[in-house]
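1. Turn this into a model:
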Amino acid sequence: MALPTMTAEQRSEALAKAAAVRKARSELIEQIRKGSVSLAEVLKRADKEDLVKKTKVAAVIKALPGIGPVKAAKLMDEAEIPVDRRIGGLGSRQRAALLEALNA
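-> Next comes the predicted model:
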């Protein structure tokens, strides 16, 4: 399928929209990193907010205080969550397993 041709104005609007989404997502990750937003809150917000729903699980877990890339990979493996999964794609069992692993 060929990509639709866009005018310069449409392209600049799309770029501006993408930049705004990236900025909002980085602000969410920073809030998680500071500890002002918990994983449980992020999972609740995913039901209502597309931005949260489309955020990768690995990015959210790595942003949690005290968790690095190795521990994040281990947690995701234990909860049987694929590396490229997004928050909105988590099932109830995966959400529960992730919260339980973090609280243990």
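
2. roughly how far apart are D84 and L75?
-> To L75, D84 is 15 Å away according to Cβ to Cβ, to the nearest Å. C-beta here means a position set from N, CA and C on the backbone, and glycine is covered the same way.

3. Same question for K53.
-> The spacing between K53 and L75, counted by Cβ to Cβ, is 20 Å.

4. Looking at these two, which has the bigger crowd around it?
-> Neighbour tally, K53 and L75, criterion other Cβ atoms under 10 Å: the higher count belongs to L75, 21 against 15.

5. State the helix or strand in which the more buried one lies.
-> Applying DSSP states H and E as the criterion places L75 in helix 69-78.

6. Enumerate the positions of that helix that are buried.
-> A72, L75, M76 (16 or more other Cβ atoms under 10 Å).

7. count of residues packed around V60?
-> Other residues near V60 come to 23 when the count uses other Cβ under 10 Å.

8. May I have the strand or helix carrying it exported as PDB, CA atoms only?
-> Here V60, judged by DSSP H and E, is contained in helix 57-63. Output of helix 57-63 as PDB, limited to C-alpha atoms (Å, rounded to 0.1, in the frame of the first residue of the first chain):
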ATOM      1  CA  VAL A  57       5.600  -1.300  29.200                       C
ATOM      2  CA  ALA A  58       9.400  -1.500  29.200                       C
ATOM      3  CA  ALA A  59       9.800   2.300  29.300                       C
ATOM      4  CA  VAL A  60       7.400   2.600  32.200                       C
ATOM      5  CA  ILE A  61       9.100  -0.200  34.200                       C
ATOM      6  CA  LYS A  62      12.600   1.200  33.600                       C
ATOM      7  CA  ALA A  63      11.400   4.600  34.800                       C
END
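
9. Fine, thanks again, bye for now.
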